[in-house]
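Engineer: Could you work out the structure for the sequence below:
(chains A and B)
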2 protein chains.
Amino acid sequence: MRVLGVDPGLTRCGVGVVEGVAGRPLTMLGVGVVRTPADAELGLRLVAVEQGIERWLDEHRPEFVAVERVFSQHNVSTVMGTAQASAVAMLCAARRGIPVALHTPSEVKAAVTGSGRADKAQVGAMVTRLLRLDAPPKPADAADALALAICHIWRAPAHNRLQRAVAQHTAKASESSWKGRTA
Amino acid sequence: MRVLGVDPGLTRCGVGVVEGVAGRPLTMLGVGVVRTPADAELGLRLVAVEQGIERWLDEHRPEFVAVERVFSQHNVSTVMGTAQASAVAMLCAARRGIPVALHTPSEVKAAVTGSGRADKAQVGAMVTRLLRLDAPPKPADAADALALAICHIWRAPAHNRLQRAVAQHTAKASESSWKGRTA
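Structural biologist: So this is what the prediction gives:
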């Protein structure tokens, strides 16, 4: 199973691709950050995020995209940008019929460290160990994206297969049924 | 000046196109709602919003897109969907080099009714009068989208011309400069 993890953000959007199955050693296929200039107009920043995500999808052809679930209780000054960047990532995946899974930060931390309250350093350390890297990926957004992908691989593999089949079916169906939905 | 107003939402995304200049009677070119099924997966709903917005852009070729500014203080249960739908609308416009303006609900209400605290009925009544319609557009999201477009036409026309020039210039420049921004 190949998963693109996305830690959404407008200034730094972490992306990481992990391949493997639950119970076997995992492999990192790529990690990075899609950046957009803070002084650019919001619409153009969203276009830049879209271009970045599209490149990662083109290059790695993931079967799943795992995105951090954004809560509106978070830091008010950044939550809107995070929600908007996550929307672009979900849109890019869904357009290709790739199923999108949302995982909360605590689910991700619990999956890779055993504790839903682990700090960034602990997540980075476990990502490094689980993927047999030489050093923790920098910045933290990149490590978080890998942790999201790992979390997704480890959670309910059977459910993932079902979800994938449904998403592909629905994506095909939506092309016809949603045409003309504009009232 | 032709403006597409967008009142963002996942279940109902209001859209309305108004043409005119400040100080002259305005013309409504179209109004409607892009709907997505509440039980569909979030990614697919965003794809449906994208398809809907694209159709409105194709059909009406607006020079500006005016989107309601979303605040994170709003209703927590719907604010994330609203932010995500607004991201898709901004993305669609910016991809085409169409400048995107954000207006707050109070700015819009003040523009069309004279009061930033006007209720939905008052906004609907003024939209009906200003566009010389037979009845207020339904649902309220559609009327709000028209009010957004009117608000945009009436606010700082000189600034709009400048913004348009900058957006087109930046959109062209971004195609080259943002390539390779993935680190």
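Engineer: doesn't residue A:113 make contact with residue A:126?
Structural biologist: Yes: contact criterion C-beta atoms under 8 Å: residue A:126 and residue A:113 qualify, at 5.0 Å. C-beta coordinates here come from the backbone N, C-alpha and C atoms, glycine included.
Engineer: And the two? Which one has more around it.
Structural biologist: residue A:126 (21 against 18; other C-beta atoms under 10 Å in any protein chain shown).
Engineer: Next up, the contacts around that one.
Structural biologist: Residues near residue A:126 by C-beta atoms under 8 Å, 6 or more residues apart in numbering or on different chains: A:112, A:113, A:118, A:147.
Engineer: how about a cut-off of 6 Å?
Structural biologist: For residue A:126, the contact set (C-beta atoms under 6 Å, 6 or more residues apart in numbering or on different chains) comprises A:112, A:113.
Engineer: Roughly how far does it sit from chain B?
Structural biologist: 23 Å (C-beta to the nearest C-beta, to the nearest Å).
Engineer: Then residue A:112?
Structural biologist: Taking C-beta to the nearest C-beta, one finds residue A:112 at 23 Å from chain B.
Engineer: now the helices for chain A?
Structural biologist: A:42-60, A:76-95, A:105-113, A:120-130, A:140-154, A:157-177 (DSSP state H).
Engineer: In a markdown table, list these along with distance to residue A:66 and mean pLDDT.
Structural biologist: Below are the helices of chain A laid out as a markdown table (distance: least, C-beta to C-beta, whole Å; pLDDT from 0 to 100):
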| stretch | distance to residue A:66 | mean pLDDT |
| --- | --- | --- |
| helix A:42-60 | 13 | 98 |
| helix A:76-95 | 10 | 91 |
| helix A:105-113 | 9 | 94 |
| helix A:120-130 | 14 | 95 |
| helix A:140-154 | 4 | 96 |
| helix A:157-177 | 10 | 63 |
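Engineer: right, so these: which one is the most enclosed?
Structural biologist: helix A:140-154 (a mean of 27; mean count of other C-beta atoms under 10 Å in any protein chain shown).
Engineer: count of residues packed around residue A:24?
Structural biologist: Neighbours of residue A:24 under the rule other C-beta under 10 Å: 8.
Engineer: again, but for residue A:5
Structural biologist: Count around residue A:5 with other C-beta under 10 Å applied: 31.
Engineer: So it sits against residue A:149, correct?
Structural biologist: Yes: applying C-beta atoms under 6 Å, one finds residue A:5 in contact with residue A:149, separated by 3.4 Å.
Engineer: Common neighbours of these two, please.
Structural biologist: Going by C-beta under 6 Å, 6+ apart, residues that sit against residue A:5 and also against residue A:149 are A:16, A:66.
Engineer: which residues does residue A:98 contact?
Structural biologist: residue A:65.
Engineer: pLDDT wise, what is it at?
Structural biologist: Listed pLDDT for residue A:98 reads 97.
Engineer: do residue A:16 as well
Structural biologist: At residue A:16, pLDDT is 98.
Engineer: before we move on, the earlier item: as TSV, the helices of chain A with distance to residue B:87 would be great.
Structural biologist: As requested, the helices of chain A are arranged in TSV below (distance: least, C-beta to C-beta, whole Å):
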stretch	distance to residue B:87
helix A:42-60	6
helix A:76-95	4
helix A:105-113	20
helix A:120-130	26
helix A:140-154	18
helix A:157-177	19
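Engineer: What distance do you get for residue A:4 to residue B:89?
Structural biologist: 25 Å (C-beta to C-beta, to the nearest Å).
Engineer: picking up where we left off before, and of the helices of chain A, who's closest to residue B:83?
Structural biologist: Residue B:83 sits nearest to helix A:76-95 of all those, at 4.0 Å, using C-beta to C-beta.
Engineer: Quick check, residue A:13 in contact with residue A:34.
Structural biologist: Yes: with contact defined as C-beta under 6 Å, residue A:13 counts as touching residue A:34 (4.2 Å).
Engineer: Next up, the contacts around the nearest residue to residue A:68 once chain neighbours are set aside.
Structural biologist: Ranked by C-beta to C-beta, 6 or more residues apart in numbering or on different chains and with sequence neighbours excluded, the top spatial neighbour of residue A:68 is residue A:7, at 5.4 Å. Residue A:7 makes contact with A:14, A:68, A:141, A:144, A:145, according to C-beta under 6 Å, 6+ apart.
Engineer: Apply 8 Å and report the result again.
Structural biologist: Per C-beta under 8 Å, 6+ apart, neighbours of residue A:7: A:13, A:14, A:15, A:68, A:141, A:142, A:144, A:145, A:148.
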